[in-house]
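Student: Here is a sequence together with a model predicted from it:
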Amino acid sequence: MEESVKKLTAETIASISACKTVSELNDVRVKTLGKSGALTALLKGMKDVPPEKRPAAGKIVNDARETLEQAVSERQKALENEELLRKLSEERIDITIDSPLKNHGGLHPLSIMRNRIEEFFCSLGFVIADSPEIETDYYNFEALNIPADHPAREMQDTFFITENILLRSQTSSGQIRMMEKVKPPIKMLSPGRVFRSDEADATHSPVFHQVEGLVVDKGITMCDLKGILDLFAKKFFSNETKTRFRPSYFPFTEPSVEVDASCGKCGGKGCNVCKGTGWIEIMGAGMVNRNVLKNCGINPDEYTGFAFGCGLDRITNIIYGISDARIPFENDLRFLKQFN
Ligand code: DAH
């Protein structure tokens, strides 16, 4: 009897450890410990054991039952744990997996151009400087050598919040803020939104974007201005692009120029894009007016500087061949998707 209990216990323990699932384990348990199980049968056979040996035999069988029940319960815990870990790993979300969503947005053409222009000037050592869209009369006009009665104000009629506070009509206000804060050498680029009380049409908008550039140091000349803008035109149009300066007038620069780039479509021969002239106007520029330097506490006998102001919308529309300034703001997905 003792021998068969030992044998049964050893065999059952081996089967318990071999179980791969809770249901297999249940089968093993029923086969040995169940009502008609092998161990229960041995217990039933107790009546054939001589009475004096029964207590010892009963103990052997009960010990075996306890050992096996414990083994079953331990194995059950282990299997349940394995099961849980398997489920957790199967149901884990892989956050590195490629998204099935293919309809994500892209950058607006103006943002693409703005980023490219910033990158170009940063590579030449310029710093990007933000300045407020809501400005005072002083920064937008007065300090830029445009006093209250100056006729140049007419061209930049903007939106006034009070008599003294307005939506900036040009990013040139950023020059003043920079020169007040930082002493030369200065190399800054200030891109942003500007406002004018214009009706929206193919070439005008009450809100548009400019990129202002300013360099102030000892010995800065117009050659530096021409060199940098020529490089800019070659980078953004083509290597064959030429630039020219035409005399112009801005109160904050002296001398002032309009900068033209040779037409990329006809190569300068004249076409519909350049209206037959062979040239396309790309920005205004000049040498910073002595009065402007003085207004910012910079000695114009010691330092000189150049500045330029370029219409970001205009450059973007020329480069992408967009014929109407309103199109980029109509949120037409057929248009916007072309830039994804
Ligand atoms: N602020 C001028 C405008 O809005 C553009 C401009 C011209 C900026 C010449 C400059 C500059 O810095 O030197 O028309």
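Tutor: Arrived safely, thanks for sending. Computed from a predicted model, the values in this text were never measured in an experiment.
Student: Any regions of the stretch 1-150 of the chain where pLDDT drops low?
Tutor: Along the stretch 1-150 of the chain, no part satisfies pLDDT under 70.
Student: Just want the residue of it that's nearest the ligand.
Tutor: Proximity of the stretch 1-150 of the chain to the ligand (CB to the nearest ligand atom) peaks at residue 144, 8.0 Å away. No exception for glycine: its C-beta is placed from N, CA and C like everyone else's.
Student: pretty sure that residue contacts residue 173?
Tutor: Yes: if you go by CB atoms under 8 Å, residue 144 and residue 173 touch, sitting 7.2 Å apart.
Student: so where do the strands sit in this protein?
Tutor: 127-128, 134-136, 165-167, 186-195, 207-217, 243-250, 253-262, 279-288, 304-311 (DSSP state E).
Student: Grab the nearest non-local neighbour of residue 31.
Tutor: Using CB to CB, 6 or more residues apart in numbering and skipping residues adjacent in sequence, the residue nearest residue 31 is residue 37, 5.8 Å away.
Student: Next: residue 293.
Tutor: residue 300 is the one closest to residue 293 (CB to CB, 6+ apart), at 4.4 Å.
Student: ok, the one you found to the ligand distance?
Tutor: Distance from residue 300 to the ligand, counting by CB to the nearest ligand atom, to the nearest Å: 15 Å.
Student: from the stretch 101-250 of the chain, which residue is nearest to the ligand?
Tutor: Distance from the ligand to each residue of the stretch 101-250 of the chain (CB to the nearest ligand atom) is smallest for residue 170, at 3.6 Å.
Student: same check, this time on the stretch 201-340 of the chain
Tutor: For the stretch 201-340 of the chain, CB to the nearest ligand atom, closest residue to the ligand: residue 309, 2.3 Å.
Student: State the pLDDT value of residue 306.
Tutor: Residue 306 is assigned a predicted lDDT (pLDDT) of 98.
Student: OK, contacts around it?
Tutor: Contacts for residue 306 (CB atoms under 8 Å, 6 or more residues apart in numbering) come out as 214-215, 220, 222, 224-225, 253, 285-288.
Student: Now list the buried members of those residues.
Tutor: 214-215, 220, 224-225, 253, 285-288 (16 or more other CB atoms under 10 Å).
Student: which bits of the stretch 151-300 of the chain sit near the ligand?
Tutor: Proximity of the stretch 151-300 of the chain to the ligand (CB under 6 Å from any ligand atom) is limited to residues 170, 172, 212, 250, 253, 284-286.
Student: Just put these in CSV and tack on pLDDT.
Tutor: Compiled in CSV, those are given as follows (pLDDT from 0 to 100):
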residue, pLDDT
170, 98
172, 98
212, 98
250, 97
253, 98
284, 98
285, 98
286, 98
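Student: which residue sits closest to residue 122, ignoring its sequence neighbours?
Tutor: In space, and not counting its chain neighbours, residue 122 is closest to residue 128: 6.9 Å by CB to CB, 6+ apart.
Student: My guess is the one you found contacts residue 192. True?
Tutor: No: when contacts are counted by CB under 8 Å, residue 128 is not listed as touching residue 192 (10.2 Å).
Student: Which one's more surrounded, those two?
Tutor: residue 192 (20 against 12; other CB atoms under 10 Å).
Student: Test my guess that that one contacts residue 171.
Tutor: Yes: Residue 192 is in contact with residue 171 according to CB under 8 Å; the separation is 5.3 Å.
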